[in-house]
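A.B. asks: Provide a 3D model corresponding to the input given below.
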Amino acid sequence: MTIQNSAAGVKLAGTLTTPRAAEAYPVVILITGSGQQDRNESIAGHQPFLVLADYLTRRGIAVLRLDDRGIGGSTGNAALATSEDFAGDALAAVEFLKSYYSTSKSRIGLIGHSEGGMIAPMVALRSKDVAFEVLLAGPGVTGEQILYEQATTLAQSQGASAEQVAQARAQQERIYGVLKSETDVAVMRDRIRAISGDASAQALTSPWFRFFLTYDPATALRAVKIPTLALNGEKDVQVPFKQNLPAIEAALKAGGNTDGTVRSFPNLNHLFQTSKTGLPNEYAQIEETMAPVVLEAIAEWILARAK
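C.D. replies: You can find the predicted model right below:
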């Protein structure tokens, strides 16, 4: 099926799976992580969203998953888009379900992974028809803070000394300082090349990265009042749970959300696989796509709130 985001001139292709039962049931929209992802969020030989959609549908929850802009059957240019634009795509999916699907409007929910966990609260603020949200390894602090933590963890795992970690951090701070202070993109790229000599200057100056760097997820998290479940793996090195889960919990409490739940899982990585190191180079080596305990936790939480 296809969904139109008329405001952006984008067509989104996707799959809707529904339970066999004839009675009304909740429906969730899956929101992918960063980078261009297909509807199954294919990564490192795994398809987490296919596994999640299959499990939830068998448990009585309908699932809509979509190809991101510019990949699979979807149109649009992801290189020019930010997380706000992707929130607009998810909002179009909410509107589609309202008009197409017989499920009560109060039973539409969002499940976002990684960046998708940052986007879900943005969508919930723009639509009163979103009844609940699940944040899987979602950020609770700015991208800048996460990237510092990421870089330190990865460098240490590769045997970097404290001095090398400090030097890398100082270079990061200089680059991010340019991104936050400079408005001319061409000048921005030249200044970054002068600092790092890195060909990634174009990626670092993309609209998406500049938005991600400074956006504070706590802003939306403080404002959402709907039931929210936030999950993290304790071996996640991409969105570290000790940095992000407490920030999510604090923001929900500060906003007066009366149904906010945070939970971490030992030995699980960013994809919620049972892992040894949690490092990205391990993802493809693990047979498991998503730990059963996480699948069950998501389903039980949704079904308890959709009754």
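A.B. asks: For the spatially closest residue to Tyr283 that is not a sequence neighbour, which residues are in contact?
C.D. replies: Sequence neighbours aside, Ala44 is the residue nearest to Tyr283 in space, at 3.7 Å (criterion: Cβ to Cβ, 6 or more residues apart in numbering). All C-beta spots, glycine's among them, are computed from the backbone N, C-alpha and C. The contact partners of Ala44, by Cβ atoms under 8 Å, 6 or more residues apart in numbering, come to Leu271, Pro280, Tyr283, Ala284.
A.B. asks: Now for the second one, how many residues are close by?
C.D. replies: Think Pro280. By other Cβ atoms under 10 Å, 15 other residues sit near Pro280.
A.B. asks: And it, how close does it get to Gly159?
C.D. replies: 17 Å (Cβ to Cβ, to the nearest Å).
A.B. asks: Equivalent analysis for the first one, please.
C.D. replies: From Leu271 over to Gly159 the distance is 24 Å, taken as Cβ to Cβ.
A.B. asks: between these two, which one's more packed in?
C.D. replies: Leu271 (29 against 7).
A.B. asks: Any regions of this structure where pLDDT drops low?
C.D. replies: 22, 101-106 (pLDDT under 70).
A.B. asks: how's it carved up into domains?
C.D. replies: 2-141+216-306, 143-213 (automatic domain parsing).
A.B. asks: Determine which stretch of those is the most buried.
C.D. replies: The highest mean neighbour count among the domains of the chain, using mean count of other Cβ atoms under 10 Å, belongs to domain 2-141+216-306: a mean of 20.
A.B. asks: helices or strands up against the helix or strand hosting Leu303?
C.D. replies: Secondary structure from DSSP states H and E places Leu303 in helix 292-306. Packing contacts for helix 292-306, counted by 3 or more Cβ pairs under 8 Å, 6 or more residues apart in numbering; DSSP states H and E, involve helix 48-58, strand 108-113, strand 130-136, strand 228-233, strand 260-265.
A.B. asks: Name the surrounding residues that touch the longest one.
C.D. replies: Put plainly, it is helix 48-58. 15, 17-19, 28, 30, 32, 39-41, 63, 65, 111, 113, 271-272, 289-290, 295, 298-299, 302.
A.B. asks: In helices, which of those residues appear?
C.D. replies: Leu295, Ile298, Ala299, Ile302 (DSSP state H).
A.B. asks: between those, which is nearest Asn267?
C.D. replies: Among the ones in helices among the contacts of helix 48-58, Leu295 lies closest to Asn267 (Cβ to Cβ), at 15.7 Å.
A.B. asks: how near is the closest one to Ala8?
C.D. replies: From Leu295 over to Ala8 (counting by Cβ to Cβ), the distance is 32 Å.
A.B. asks: repeat for Ala93
C.D. replies: 13 Å.
A.B. asks: Val185 too?
C.D. replies: Going from Val185 to Ala8 by Cβ to Cβ gives 21 Å.
A.B. asks: just the helices in the stretch 51-200 of the chain please.
C.D. replies: Counting by DSSP state H, counting those that start in this stretch, the stretch 51-200 of the chain has helices at residues 83-100, 115-126, 143-157, 162-181, 185-196.
A.B. asks: possible to save the ones you listed as TSV with distance to Met1?
C.D. replies: Converted to TSV, the helices of the stretch 51-200 of the chain look like this (distance: least, Cβ to Cβ, whole Å):
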stretch	distance to Met1
helix 83-100	8
helix 115-126	19
helix 143-157	32
helix 162-181	38
helix 185-196	37
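A.B. asks: what's the closest of those helices to Ala220?
C.D. replies: Checking the helices of the stretch 51-200 of the chain against Ala220 by Cβ to Cβ gives helix 115-126 as the closest, at 3.8 Å.
A.B. asks: Who does Ala13 form a beta bridge with?
C.D. replies: With DSSP bridges as the criterion, Ala13 is bridged to Thr2.
A.B. asks: Could you pull up the residues touching it?
C.D. replies: Counted by Cβ under 8 Å, 6+ apart, Ala13 has contacts Met1, Thr2, Ile3, Arg39, Leu66, Asp67, Gly72, Gly73, Ser74.
A.B. asks: switch the cut-off to 10 Å
C.D. replies: By Cβ atoms under 10 Å, 6 or more residues apart in numbering, the contact list for Ala13 reads Met1, Thr2, Ile3, Asp38, Arg39, Leu66, Asp67, Ile71, Gly72, Gly73, Ser74, Thr75.
A.B. asks: and the two most separated of the residues you listed?
C.D. replies: Met1 and Ile71 (16.3 Å).
A.B. asks: follow-up on the earlier one: looking at the ones in helices among the contacts of helix 48-58, which one is closest to Arg193?
C.D. replies: Set against Arg193, the nearest of the ones in helices among the contacts of helix 48-58 by Cβ to Cβ is Ile298 (43.5 Å).
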